[in-house]
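Peer 1: build me a model from this:
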Amino acid sequence: MRIIIATIFCFCLNSNISAQNFEDSLQLYSQQIHDTVSLNKLISYCFNNHEAIPDATYKYSQIALKKSIELGSKSSEARSYTNLGSIEVVRGNYVAALDLYMKGLAIWEGLKVPRGIMMNKNNIAQVYGYLKKPEIELQFLSEAESIARQYHLEEGLGLIKLNLAVYFSNKQNYREALNQQMEAIAINTKLNKLPLLSTGYNNAGAFLLYLNQIDSAVIFFNQAKSVGEKIKDTSSLAFTYANLGDAFVSKKKTDSAIYHYQESIKFAKTVHLKEVLSYSYEQLSAIYKTKGDYQKALAYFELKQTYKDSILNSTMSKQIAEMQTKYETEKKERKIQEQHYEITKRNYWISAIIGSFLIFGFFIYSFYRRKQLRQEALMQATLRKSEELASKSILEAEENERKRIATDLHDGIGQIMSAAKMNLSAIENEIPFTDEAQKLKYQKSIDLIDESCVEVRAISHNMMPNALLKQGLASAVRTFLDNVHSSTIKINFYSEGLNIKLDSNQEAVLYRVIQEAVNNVIKHAKASHLDITLIRDKNNISVTIEDDGVGFNPAQVQKGDGIGLKNIQSRIIYLKGSVEWDTLPEKGTAIIINIPLTS
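Peer 2: Coordinates of the predicted model:
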């Protein structure tokens, strides 16, 4: 056995008050509470003496908690919960202690005080250690360590590292325990925390003994002894001498071992460390038995047994208290469970009734919604039909108007101008021209009439080309492109599968779309090449119009800017087709059109 000083709790308490009569002092402090300063004096005094008089300090810690709430001091309230938790640990009521620590932690987290959060997580970890839940113990210790590092709380970090060392020693991982302890020693040396240093040296030596590094262990025990003597820490010296006794037993130096066990007993008696007394007497009994001095061996064995029985009685009392607490807790939990069952049962009925209403309401809403959606769908279909009819009427009216204007131009104005030319030509020989200039003017008039006739014919054909009416879309497009007069652009046209005429509406719309696109290229694109492809397959007609011009911003198409683009879009939508623009500034433009064939 190696004596390792147990887990250390930490609390935000700095007072070292002492008095001859603890209870009188507590009563005096409780009567002088006027503000948070006097309140915190009571809280500090309760903690400093909670192990000596747990019942009295518990009573006055409850008074401090009440006063903290009355004064509205959240930090004092958290500290009071911590004190009550520490007293429950002394009593062995670990479940109650855990509940109190959790309440303190909740307040510190609400106040966002890193030091308070760190300390309470450390304390909660230790309680889980007593409850034999090492995984949760390690979780809280790790969280406390993380907070200490994040906010540079070195004092807390040194304490947590010491507790981590004890945790790993309980897991028999003495190498990791030693590593954690060495970190704690480094921090506490820097901060000159001598009590923690004394504990740290003692524990490090014990871990080294477990690792069979006896000489190194002795060095650490001697350092612990030096610090303990400096601060006059009797308890620490009792542990240190017992550990040195173990070291010398390992080195087979029985006389030195006897001396150190006797020194351990001397210090342990002054502070009533029954565990150390029992252990040291047991070791002395074993040594003298080995030496053959059975009288002394028996005497030390009887002393050991006396303290062991005392420890056993204390342990049994503590266990009885724990069992009583557990019984009361389980009794309370059963009552809560019964109440919870009744509440759950009632809630089930309420939920069932509410659920029934909700389901009924859902069916009504679904019926109404379906009816509403059907009406909306019918309205949308009617609206689409109306829009299609309107678009069709507009386009048909537009095409009819074009035909009428083309016919009027061709058969009306065109015929009149032709007749005027014939009449003028007929009287040419009857006019006595006085000079050559008059004859030249007459000839220019005839030429102007010829040009007007050609222009009227061209306008008439553009509005309703004969090729479209007689030969179909491909011929009409080719004729239109042949009549495009531009010296700056070369136009290539390719068609396929258009030997059979299409629906007249489709032909007319596609012709206007191609006409609009070509005019846009000539006016705006500054292109040198224009390629037009017109292909019919089994189910679709596809048109590609591609130039190498300056291109444009596609966002214009999204916004609907430009009459030409809007015209193309509206016409393609009328044919239930799709149109895409593939373009970028300075990268040219490609218009891709797909139209489903009309059966």
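
Peer 1: list the contacts for the closest residue in space to G156 that isn't next to it in sequence?
Peer 2: With C-beta to C-beta, 6 or more residues apart in numbering as the criterion, G156 has its nearest non-adjacent residue at 4.6 Å, and that residue is A148. C-beta here means a position set from N, CA and C on the backbone, and glycine is covered the same way. Under the criterion of C-beta atoms under 8 Å, 6 or more residues apart in numbering, the neighbours of A148 are 118, 154, 156-157, 160.

Peer 1: swap the cut-off to 6 Å and go again
Peer 2: Neighbour list for A148: 118, 156-157, 160 [criterion: C-beta atoms under 6 Å, 6 or more residues apart in numbering].

Peer 1: what about those, which are in strands?
Peer 2: Judged by DSSP state E, strands contain none of the contacts of A148.

Peer 1: filter the residues you listed down to the ones in helices?
Peer 2: Among those, DSSP state H puts 118, 156-157, 160 in helices.

Peer 1: write the PyMOL selection for whichever of the residues you listed are buried.
Peer 2: A single PyMOL command is used to select the members of the ones in helices among the contacts of A148 judged buried by 16 or more other C-beta atoms under 10 Å:
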select buried, resi 118+156+157+160
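
Peer 1: where does pLDDT dip in the stretch 51-200 of the chain?
Peer 2: Along the stretch 51-200 of the chain, no part satisfies pLDDT under 70.

Peer 1: that older thread, what about the residue nearest to G156, which helix or strand?
Peer 2: helix 134-150 (DSSP states H and E).

Peer 1: what are the buried residues along that helix?
Peer 2: Neighbour count says helix 134-150 has 137-138, 140-141, 143-145, 147-148 buried, by 16+ other C-beta under 10 Å.

Peer 1: over to stretch 491-506?
Peer 2: 491, 493, 495, 498, 501-502, 506.

Peer 1: could I get the buried residues of helix 134-150 as a markdown table with distance to K274?
Peer 2: What follows is the buried residues of helix 134-150, written out as a markdown table (distance: C-beta to C-beta, whole Å):
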| residue | distance to K274 |
| --- | --- |
| E137 | 26 |
| L138 | 30 |
| F140 | 30 |
| L141 | 28 |
| E143 | 34 |
| A144 | 31 |
| E145 | 33 |
| I147 | 36 |
| A148 | 34 |
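
Peer 1: just give me the closest of these to N173.
Peer 2: L138 (11.4 Å; C-beta to C-beta).

Peer 1: quick one: K566 is in a helix?
Peer 2: Yes: assessed by DSSP: H, G, I helix; E, B strand; the rest coil, K566 belongs to a helix.

Peer 1: now S76. Nearest residue, chain neighbours left out?
Peer 2: Nearest non-adjacent residue to S76 (C-beta to C-beta, 6+ apart): S68, at 3.9 Å.

Peer 1: how much space between that neighbour and I33?
Peer 2: Distance of S68 to I33, given as C-beta to C-beta, to the nearest Å: 10 Å.

Peer 1: so if I had to pick from those two, which one is more boxed in?
Peer 2: Neighbours per residue (other C-beta atoms under 10 Å) separate S68 from I33, with S68 holding more: 25 against 19.

Peer 1: mind checking how far the more buried one is from D531?
Peer 2: From S68 over to D531 (counting by C-beta to C-beta), the distance is 88 Å.

Peer 1: same check, this time on R149
Peer 2: 71 Å.

Peer 1: before we move on, what about L138?
Peer 2: Going from L138 to D531 by C-beta to C-beta gives 75 Å.

Peer 1: ok, P432 next?
Peer 2: Using C-beta to C-beta, P432 is found at 59 Å from D531.

Peer 1: who's more crowded, the two?
Peer 2: The neighbour count for P432 versus D531, taken as other C-beta under 10 Å, is higher for D531 (15 against 5).

Peer 1: ramachandran angles for the more buried one?
Peer 2: With angles defined as degrees, to the nearest 10, D531 sits at phi -110, psi 130.

Peer 1: surely it and E546 touch.
Peer 2: Yes: using C-beta atoms under 6 Å, D531 is in contact with E546, at 4.9 Å.

Peer 1: quickly find the element holding the nearest residue to Q139 once chain neighbours are set aside.
Peer 2: Closest residue in space to Q139, ignoring its immediate chain neighbours: A125 at 7.7 Å, by C-beta to C-beta, 6+ apart. Assigned by DSSP H and E, A125 belongs to helix 114-130.
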